[in-house]
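J.: Structure of the sequence below:
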Amino acid sequence: MDRESDSRRRRPLARSAILSVIPIYVPVGSWRIHPHLVFELLAYTVGFQIYLRQRRAQGDVVDGHTRWSLIVAVVIGAAIGSRLLYWLEKPADLVAHWTDVEFLLGGKTVIGALLGGTIAVELTKHALGITRRTGDLYAVPLAVGIAIGRIGCLLSGLEDNTYGLPTSMPWGIDLGDGIHRHPVQVYEIIVMLSLAVGLTVVQRRRHREGDVFRLLMVGYLTWRLLVDALKPQPHILGPLSSLQIAAAAALIYYAPDIRRWLTRGFAA
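T.: Model (predicted):
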């Protein structure tokens, strides 16, 4: 998640580093599998199981054929969006590597995946004449999935490029370069699990259709707008990175919902 696969110059490992063996490969029999792959697959698996459980309990607003059309749309949209925003994250790298297939296919961003998937679903619904909001069942699975995926980001260390800025706080972690950094992945795990609990509460109460998914988007985008200030990302516009700009733009889109929640609550 938000992973860059291009090779980067590394600093010498500190022997006293807390996590100097990062990336921590996961042993599976005689295999040692990269943690990013393991926890990304685990995120998809757990998220899908939560989705199935919620669908059995609550039903769905669309039929089976339409559901699969929307799932295909979200997969394609998320794949395109995650890579497009990754390319725009560091324009200089894109210009330097625009013919490098490994670079173009190797990175992705969570924000891009969420926005790309949402746009693709809305376009598909418009083409199929669907007017109902269909995302509520995906909100909690996505929140839990993101939290699980961030474990893989943490265990991947510096090569994942999701690490935080240096900090003097006592909870700073050393990812092997001798520098204590904000454990931004841990922050996100805590925030997303908390958000999943909050979404579950809203889901069980009377609410407007679509609000659970929109609350997920607003919560995550707001979080990324704030936490990315603790990451060494290139500034594109003032103090903002391209990911923060995308998050801010999407929050403007959701502004009417935010205003409604603040003034009338979720049941309105």
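
J.: Check which residues of the helix or strand containing residue 37 are buried.
T.: Per DSSP states H and E, residue 37 falls inside helix 35-58. For helix 35-58, burial by neighbour count (16 or more other Cβ atoms under 10 Å) applies to 35, 36, 38, 39, 40, 42, 43, 46, 47, 50, 51, 54. Quick note: C-beta positions are derived from backbone N, CA and C, even for glycine.

J.: What strand or helix carries residue 162?
T.: Going by DSSP H and E, residue 162 is not in any helix or strand.

J.: I should have written residue 75 there, sorry.
T.: Using DSSP H and E, residue 75 falls in helix 64-89.

J.: what packs against that helix?
T.: helix 101-106, helix 110-128, helix 242-253 (3 or more Cβ pairs under 8 Å, 6 or more residues apart in numbering; DSSP states H and E).

J.: roughly how far apart are the spatially most central residue of the chain and residue 78?
T.: By Cα atoms, centre = their mean, the mean C-alpha position of the chain lies nearest to residue 110, the distance being 3.1 Å. Residue 110 is 9 Å from residue 78, where distance means Cβ to Cβ, to the nearest Å.

J.: cool, residue 49 as well?
T.: Look at residue 49 and residue 78: by Cβ to Cβ, they are 19 Å apart.

J.: which secondary element of the protein has the worst mean pLDDT?
T.: helix 101-106 (a mean of 69; mean pLDDT, DSSP states H and E).

J.: tell me the contacts of the residue nearest to residue 210 when sequence neighbours are not counted?
T.: Spatial nearest neighbour of residue 210, chain neighbours left out: residue 133 (2.7 Å); criterion: Cβ to Cβ, 6 or more residues apart in numbering. For residue 133, the contact set (Cβ atoms under 8 Å, 6 or more residues apart in numbering) comprises 61, 209, 210, 213.

J.: burial of residue 260, as a residue count?
T.: 14 (other Cβ atoms under 10 Å).

J.: Which helix or strand contains it?
T.: Secondary structure (DSSP H and E) places residue 260 in helix 255-264.

J.: Tell me the buried residues in that helix?
T.: Under 16+ other Cβ under 10 Å, the buried positions of helix 255-264 are 257, 261.

J.: Could you list every helix and strand that that helix packs against?
T.: So helix 255-264, by 3+ Cβ pairs under 8 Å, 6+ apart, packs with helix 211-227.

J.: shaky segments in the stretch 51-200 of the chain?
T.: Within the stretch 51-200 of the chain, the ranges that satisfy pLDDT under 70 run 103-106.

J.: how about 80 then?
T.: 89-107 (pLDDT under 80).

J.: Who are the contact partners of the closest residue to residue 251 other than its chain neighbours?
T.: Residue nearest to residue 251 in three dimensions, not counting chain neighbours: residue 221, with 5.3 Å by Cβ to Cβ, 6+ apart. With contact set as Cβ under 8 Å, 6+ apart, residue 221 has these partners: 111, 114, 247, 248, 250, 251, 254.

J.: try 7 Å this time
T.: Residue 221 is in contact with 247, 250, 251, counting by Cβ atoms under 7 Å, 6 or more residues apart in numbering.

J.: Residue 26 now?
T.: If you count contacts by Cβ under 7 Å, 6+ apart, then residue 26 has 33, 35, 38 around it.

J.: CSV please, covering the residues you listed and showing pLDDT and distance to residue 178.
T.: What follows is the contacts of residue 26, written out as CSV (pLDDT from 0 to 100; distance: Cβ to Cβ, whole Å):
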residue, pLDDT, distance to residue 178
33, 93, 27
35, 92, 21
38, 94, 27
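
J.: The helix holding residue 75 to helix 35-58, inter-axis angle?
T.: 150 degrees (axes from the mean of the first three to the mean of the last three Cα atoms, to 10 degrees).

J.: all numbers from here: first residue = 92
T.: New numbering, starting at 92: the last item is helix 155-180.

J.: what element comes up after helix 155-180 heading to the C-terminus?
T.: helix 182-188.

J.: Check which helices and strands that next one sits against.
T.: Packed against helix 182-188, as judged by 3 or more Cβ pairs under 7 Å, 6 or more residues apart in numbering; DSSP states H and E, are no other helices or strands.

J.: Go through that helix and flag the buried ones.
T.: 184, 188.
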